[in-house]
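**Q** From the sequence below, what's the structure:
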Amino acid sequence: LFCSTDLIFSGNTPPAAGYHEASPPDPLSMIGKTFLQAEQVMAQLPAALILRKGLPMGASFSGRKGPLDYLSHRFRHNKPLTLFYDELRSALYLDDFITGLCLLWEKEATGLFHFGGPQRVSLYDIGQYLMQTRAYDPACLLRASRFEDHAGLPRIGNVALNSQRAYACMGFTPRAWP
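**A** Numbering: from 1, shown residues only. Here you go, the predicted structure:
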């Protein structure tokens, strides 16, 4: 079993229905390139299960690792943060991710599966959600396009996953986040 990531795609030319398992990877970042290399090694094993996950949403064990933890920490300390409305992910609840993983494992599934939530969510949407559900200063959330980022980091676009194959195999569709 290897859990990979949607970051193996750039999101620059996304398919309308989301990236499916046969979509050619084109990672922008070193993390995406590294995950892709690991996938290629794992794919050589006869009974490998490779699961490309969307963005898992939920509290992390340490309270510092997940996207909600990171954004909440920034906003709690009144640190402004620019989030991009055109970076889209297939966000899914962490417990739905674990349920899906267990279902695939129980079915002894092999091969490559995409597993993300059924709804596309931008990073900015996630920030807005936190602003609506907690008492943070709305001035801390700044909205921009990924093309306005001048930090020099490679920015993904729409890396939403088409997870229909996994849903059919599991007999389970995760809830839309939030």
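
**Q** okay, CA-based contacts and neighbour counts for the rest of this
**A** Fine.

**Q** Leaving out sequence neighbours, find the closest residue to the residue nearest to the spatial centre of the chain.
**A** In the chain, the C-alpha nearest the mean C-alpha coordinate belongs to L55, at 2.4 Å (C-alpha atoms, centre = their mean). Once flanking residues are discounted, L55 sits nearest to A91: 4.4 Å by C-alpha to C-alpha, 6 or more residues apart in numbering.

**Q** Neighbours of the one you found, how many?
**A** A91: 29 surrounding residues under other C-alpha atoms under 10 Å.

**Q** One more: V159?
**A** Residues near V159, counting by other C-alpha under 10 Å: 25.

**Q** Kindly report the same for P46.
**A** Residues near P46, counting by other C-alpha under 10 Å: 9.

**Q** ditto for M42
**A** The tally of other residues near M42 (other C-alpha under 10 Å) stands at 17.

**Q** Pretty sure I50 is one of the things it touches, is it not?
**A** Yes: between M42 and I50 there is a contact at 7.4 Å, judged by C-alpha atoms under 8 Å.

**Q** Please identify every residue contacting each of those two.
**A** F2 (C-alpha atoms under 8 Å, 6 or more residues apart in numbering).

**Q** re earlier: list the contacts for the residue nearest to the centre of the chain?
**A** Counted by C-alpha under 8 Å, 6+ apart, L55 has contacts 6, 89-92, 116.

**Q** can you pick the most crowded of these?
**A** G116 (33 neighbours).

**Q** measure that one to F75 for me?
**A** In this view, G116 and F75 are 26 Å apart by C-alpha to C-alpha, to the nearest Å.

**Q** what sits against Q119?
**A** Q119 touches 90-91, 176-177, counting by C-alpha under 8 Å, 6+ apart.

**Q** Now stretch 23-43: average pLDDT?
**A** Stretch 23-43 carries an average pLDDT of 96.

**Q** And for that stretch, what's in contact with it?
**A** Counting by C-alpha under 8 Å, 6+ apart, 2, 4-10, 48, 50, 111, 154-156 sit against stretch 23-43.
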